[in-house]
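> Turn this into a model:
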Amino acid sequence: MDINNVGFANSSGAAVGGGVDLASTFNNFLLLLTTQLQNQDPLSPLDTNQFTEQLVQFTNVEQAIKTNSKLDQLIALQGANQLTAALDYIGKTVEVDSVVLDLSEGAATMTYNLASDAEETTIEIIDESGNTVRTLTVDGTAGPHEVTWDGKDSAGEDLPDGLYGFVVKAVDGEGRTIPLRQGTVGRVTAIEVIDGDVTVSIGRLQVSIGRISAIRDDDTGAAA
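Numbers count the residues shown, from 1 in each chain. Got it, this is the predicted structure:
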């Protein structure tokens, strides 16, 4: 995704703001009012109050756009500050809430946390075409779990590295779905701002920094 600059657009899609000086346009607006006054019907003169109201409205619009311009500057500054603060994540192993994982060098790590014991718990691995390429039967006891997928499909064939979807499913003895939280683990390789949001890259996977649920100690693998 590309990083988009914050701006304004009019109804035709043309940019408004930076390249347009409303102060200079104000003189043209006054000229228009003067021309209307000069060409008004003597038997039905234009209402002076109406012109005054138009001038006030124009001034309000000008002030509003100037205010928005200042807000854009503040937002850009805030984004830069967040980006700087996020640099500490580079090289760190993190756990993020996600339904997508990055299979890299034939391995990918998934996490899930069950609210209660499950009778049956599975993880379905899904390719970019929406096909389930592997189903793993995993531990169904309540609490956090971590599973490493070896990158093989149901036939035992190695799948190419890349992004895959995964869905953790857990049901109790009566077939009722058990609430859970799922995610993936990986090392942060890049930080960038995408559409105004600070985003971390875990290999090919990009997620909002707000979806980081834990930072791992690289030596022990424990959550920090």
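> Now do residue 31 against residue 38, distance only.
11 Å (CB to CB, to the nearest Å). No exception for glycine: its C-beta is placed from N, CA and C like everyone else's.
> Who has more neighbours out of the two?
Per other CB atoms under 10 Å, whichever of residue 31 and residue 38 has more neighbours is residue 31, with 10 against 7.
> Would you agree that one falls within a helix?
Yes - according to DSSP: H, G, I helix; E, B strand; the rest coil, residue 31 belongs to a helix.
> Just the CA atoms from the lengthiest strand in the chain would do, formatted as CSV, please.
The strand that spans the most residues within the chain, counting by DSSP state E, is strand 162-171. The C-alpha atoms that make up strand 162-171 are tabulated as CSV, following Å, rounded to 0.1, in the frame of the first residue of the first chain:
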residue,chain,number,x,y,z
GLY,A,162,4.5,-16.6,1.5
LEU,A,163,1.4,-15.3,3.2
TYR,A,164,-1.3,-17.8,4.3
GLY,A,165,-4.5,-17.4,6.2
PHE,A,166,-5.3,-19.6,9.3
VAL,A,167,-8.4,-20.2,11.4
VAL,A,168,-8.3,-21.7,14.9
LYS,A,169,-11.5,-23.6,15.6
ALA,A,170,-12.5,-24.9,19.1
VAL,A,171,-15.7,-26.6,20.2
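> Surely residue 150 touches residue 106?
Yes - Residue 150 is in contact with residue 106 according to CB atoms under 8 Å; the separation is 6.5 Å.
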